[in-house]
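# Provided below are the primary sequence and the corresponding predicted coordinates.
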Amino acid sequence: MIDSHCHLDPTVFDGDDGVDAVVARAVAAGVSHMFTVGSGYGFESAARALAVARRHPNVRCSVGLHPHDAAEFSPAAFATLLQLASAPEVLALGEMGLDYHYDRSPRDVQRNAFRQQLRAARERRLPVIIHDRESEGETLSILREEGAFTTGVLYHCYTGTVAQMEEIVSEGGYVSIPGIVTFKNSAEMQAVAAAVPVERLLVETDSPFLTPVPHRGKRNEPAYVPFTLKRVAELRGMDAADLECQTDANTRRFFRWE
Ligand SMILES: [Zn+2]
Ligand SMILES: [Zn+2]
């Protein structure tokens with residue numbers, strides 16, 4: 001099983017030894033592969049993600065600038081990011097996008113960092129991992145304007161409506177479901193999880209946050225992605241093993257992960 005989106009950041013998981021222990025627990029739980037996202041814990045999290053991927057052959061990574069950290073965007077930071085992106089362990093750019101829920105960076109700054117990264121991804125033919133919170137369709141408009149769907153678009157931790165999911169899928173995009181789907185009060189996400197075409201569906205932990213039931217309240221880690229997969233399979237009336245084959249294949253196809 002693959003966790004398609006986690007943050008195996010040593011600053012979050014008690015250093016390199018902590019990360020190694022998290023990876024070992026995942027493998028013991030049947031999660032053989034993990035995709036760690038080098039974005040979201042400051043600009044420096046990109047280099048840290050690449051270091052983790054280099055140390056673990058079953059871990060691949062992305063690098064990017066999260067909308068929360070968009071204020072850190074500068075020509076020098078961007079050049080560093082693109083240099084990291086040329087490493088063979090880096091299979092995507094992101095997560096990137098717009099977050100109008102927290103608004104941790106000014107919106108025009110978020111838009112600029114987002115567009116610059118999309119253009120770089122297109123030039124390098126890398127797929128992109130999208131973070132979208134309450135942008136009211138603006139994220140999707142920018143993706144269309146920048147031609148991002150030609151190299152691959154994955155909405156991670158998808159919290160939108162079924163109608164918007166259908167738009168994303170019709171453009172060729174992928175949608176990833178997090179542990180929130182195991183919460184009782186997640187009717188909209190459960191409806192999405194049941195409706196995503198099976199060949200466009202991924203599952204993720206987004207660890208260290210959003211821990212699925214029955215571990216809700218604890219720090220999240222890739223070993224818990226089977227709980228999310230099992231819940232999604234139930235919602236779809238599918239056998240969990242069949243769904244796992246499909247979501248693993250989707251993850252590998254999307255990231256062109258050999
Ligand atoms: Zn995110
Ligand atoms: Zn994330």
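Okay, I see it. Just so you know, these numbers come straight off a predicted model, no measurement behind them. Ligands and ions are numbered 1, 2, ... in the order given.

# now the helix or strand that contains Leu98, how far from the centre of its chain.
Assessed by DSSP states H and E, Leu98 sits inside strand 90-99. Relative to the centre of its chain, strand 90-99 is centred 8 Å away, using CA atoms, centre = their mean, to the nearest Å.

# list the neighbouring strands of that strand plus their orientation.
Under the criterion DSSP bridges, strand 90-99 sits next to strand 59-63 (parallel), strand 128-133 (parallel) in its sheet.

# is it true that Ala26 touches Glu221?
Yes: at 6.8 Å, Ala26 counts as touching Glu221 under the criterion of CB atoms under 8 Å. The C-beta positions use only the backbone N, C-alpha and C, and glycine is treated the same way.

# residues in contact with the residue in the stretch 51-200 of the chain that ligand 2 sits nearest to?
Nearest residue of the stretch 51-200 of the chain to ligand 2 (CB to the ion) works out as Glu95 at 5.3 Å. Contact partners of Glu95, counting by CB atoms under 8 Å, 6 or more residues apart in numbering, are His5, Val37, Ser39, Gly40, Ser62, Gly64, His66, Ile129, Ile130, His131, His156.

# ok, now Thr251?
If you count contacts by CB under 8 Å, 6+ apart, Thr251 has them with Ile2, Ser4, Phe35, Leu202, Trp257.

# farthest pair within the residues you listed?
Farthest pair in the contacts of Thr251 (CB to CB) is Leu202 and Trp257. Separation: 11.8 Å.

# show me which of those two is the more surrounded one.
A direct count of neighbours by other CB atoms under 10 Å for Leu202 and Trp257 places Leu202 higher, at 27 against 15.

# quick one: the strands in the stretch 101-250 of the chain?
Counting by DSSP state E, counting those that start in this stretch, the stretch 101-250 of the chain has these strands, from start to end: 128-133, 153-155, 174-177, 201-203.

# does the second one come close to ligand 1?
No: applying CB under 5 Å from the ion, one finds strand 153-155 separated from ligand 1 by no less than 9.6 Å.

# partners of that strand, with directions?
Paired with strand 153-155 in the same sheet, following DSSP bridges, are strand 128-133 (parallel), strand 174-177 (parallel).

# other residues contacting the first one?
What that stands for is strand 128-133. With contacts defined as CB under 8 Å, 6+ apart, strand 128-133 is touched by 5, 37, 39-40, 62, 64, 66-67, 92-102, 117-118, 121, 139-140, 143, 148, 151-157, 159-160.

# among these, name the buried ones.
Among the contacts of strand 128-133, the ones that count as buried by 16 or more other CB atoms under 10 Å are 5, 37, 39-40, 62, 64, 66-67, 92-99, 117-118, 121, 139-140, 143, 148, 151-157, 159-160.

# quick one on the thing from earlier: okay if I get the strands paired with strand 153-155 as CSV plus distance to Asn185 and mean neighbour count?
Below are the strands paired with strand 153-155 laid out as CSV (distance: least, CB to CB, whole Å; neighbours: other CB atoms under 10 Å):
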stretch, distance to Asn185, mean neighbour count
strand 128-133, 18, 26
strand 174-177, 16, 27
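
# that older thread, okay, and which of the contacts of Thr251 map to strands?
In this view, these that belong to strands under DSSP state E are Ile2, Ser4, Phe35, Leu202.

# what's the distance between the first one and Ala87?
In this view, Ile2 and Ala87 are 20 Å apart by CB to CB, to the nearest Å.

# now swap in the second one and tell me
From Ser4 over to Ala87 the distance is 19 Å, taken as CB to CB.
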